[in-house]
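1. Build me a structure from this.
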Amino acid sequence: MTDTSILLTDTVLYRASDGIAVLTLNRPEKLNAIDYDMADRLLGLLDRLEIDSSIGAVILTGAGPKAFSAGADIAQFSESVRKGPVVAVRDFVRRGQSMTARLEAFPKPIIAAVNGLAFGGGCEITEAVHLAVASDQATFAKPEIRLGMPPTFGGTQRLSRLGGRKRALEHLLTGDTFGPERALELGLVNRVVPHAELMASAQALARRILRHSPLAVAGIITAVTRGLNMGIAEGLLAESEQFARIAPTQDLREGIDAWLGRRSPSFSGA
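-> As a prediction, this is how the structure comes out:
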């Protein structure tokens, strides 16, 4: 691959190549703990990537040999707590929930490449993104209960939707660590691969998606994300609405013509 864009910030690295953006949480000395600056920078980069037509997929990973992300920066969070619940909810909870909600609803596929420990907020990011590949050296935990609090970046909601109420509660209520095979069983990740193959596997998954119409990809993500919080009748309506948006597009005409002509389609995103 040939790099087309590289941008360095203090807490997030950004690299783009061949239609795939790689975002790297970059506080390895803190096990990539998510402070307010990191969350804000990640949201800012997602805003840029959403309107960048050269990017069709995003891979999110962690810097350094140990961690995807150890979760929230507890030292910073504690300062907000000391200022009272209004400040703590505003600065910490809403920021974290906005971050994971943005990842979940992002119209381009986001793949987590979980390269090490994914605790707390790092686990919640993995829950929120569309797809995830885990290294066989990855470890996971929902350790917030050890602090005397529930998860606050969506972890009480998404893990139970992925793995079921009882399996989620076991991890939420014990705070115990679990390995990548358990994460696979819970539906938290799509596959587990040897550590040395992690990024190649995530890139290959992204390229398999990039073969298809970006309009169809966005429509599927939107319908699935919205439908998770709806009854079946409302979800089917959301599905119908996404089809109606795509029906008049050149991409659908090209897809049908290519199918009928027994050739590979060439999608333009229009």
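
2. residues touching the residue nearest to the spatial centre of the chain, list them.
-> By C-alpha atoms, centre = their mean, the mean C-alpha position of the chain lies nearest to residue 129, the distance being 2.2 Å. Contacts of residue 129 were listed using C-beta atoms under 8 Å, 6 or more residues apart in numbering, and they are 60, 103-104, 110-112. Using the backbone N, CA and C atoms, a C-beta is placed for each residue, glycine as well.

3. Mind putting those into CSV with secondary structure and pLDDT?
-> Shown next, in CSV, are the contacts of residue 129 (DSSP: H, G, I helix; E, B strand; the rest coil; pLDDT from 0 to 100):
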residue, secondary structure, pLDDT
60, strand, 98
103, helix, 98
104, helix, 97
110, strand, 98
111, strand, 98
112, strand, 98
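
4. Confirm that residue 225 sits in a helix.
-> Yes: counting by DSSP: H, G, I helix; E, B strand; the rest coil, residue 225 is part of a helix.

5. Of the contacts of residue 129, which is the most crowded?
-> Neighbour tally across these (other C-beta atoms under 10 Å): the maximum, 30 neighbours, falls on residue 112.

6. mind listing what that residue touches?
-> Counting by C-beta under 8 Å, 6+ apart, residue 112 touches 59-61, 68, 125-126, 129, 131-133, 189.

7. And residue 230, by the same measure?
-> Contact analysis of residue 230 by C-beta under 8 Å, 6+ apart lists residue 238.

8. any idea which element it lies in?
-> Assigned by DSSP states H and E, residue 230 belongs to no helix or strand.

9. Which positions within the helix or strand encompassing residue 95 qualify as buried?
-> Per DSSP H and E, residue 95 falls inside helix 94-105. Using 16 or more other C-beta atoms under 10 Å as the test for burial, helix 94-105 gives 95-97, 99-100, 102-104.

10. Same check on stretch 126-145?
-> Within stretch 126-145, the residues that qualify as buried are 126-135, 137-144, counting by 16+ other C-beta under 10 Å.

11. Over to stretch 224-240?
-> Judged by neighbour count (16+ other C-beta under 10 Å), stretch 224-240 contains these buried residues: 225-227, 235, 238-239.

12. Please apply the same query to stretch 203-221.
-> 203, 205-206, 209-210, 213-221.

13. tell me the two of the residues you listed that are most distant?
-> The largest separation in these, counting by C-beta to C-beta, is between 203 and 219 at 23.7 Å.

14. thinking again about what came up before, what does the pLDDT read for the residue nearest to the centre of the chain?
-> Note for residue 129: predicted pLDDT of 98.

15. can you list the domains in this protein?
-> 5-210, 214-260 (automatic domain parsing).

16. wait, doesn't residue 193 sit right on residue 137?
-> No: Residue 193 is beyond contact range of residue 137, at 10.4 Å (criterion: C-beta atoms under 8 Å).

17. Please enumerate the strands of the protein.
-> Ranges of strands in the chain, per DSSP state E, are 5-8, 12-17, 20-25, 57-62, 67-69, 110-114, 117-119, 131-135, 139-141, 191-193.

18. before we move on, back to that, so can I have TSV of the buried residues of helix 94-105 showing distance to residue 48?
-> Formatted as TSV, these follow (distance: C-beta to C-beta, whole Å):
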residue	distance to residue 48
95	19
96	21
97	21
99	15
100	19
102	13
103	15
104	18
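
19. Specify which member of those is nearest to residue 84.
-> Taking C-beta to C-beta as the measure, residue 95 is the one of the buried residues of helix 94-105 closest to residue 84, at 16.2 Å.

20. So the spatially closest residue to that closest one that is not a sequence neighbour versus residue 52, what's the distance?
-> Nearest residue to residue 95, sequence neighbours excluded (C-beta to C-beta, 6 or more residues apart in numbering): residue 39, at 5.2 Å. Note on residue 39: its distance to residue 52, by C-beta to C-beta, to the nearest Å, is 20 Å.

21. These two - which one has more neighbours?
-> Set residue 39 next to residue 52 and count neighbours by other C-beta under 10 Å: residue 39 wins out with 23 against 14.
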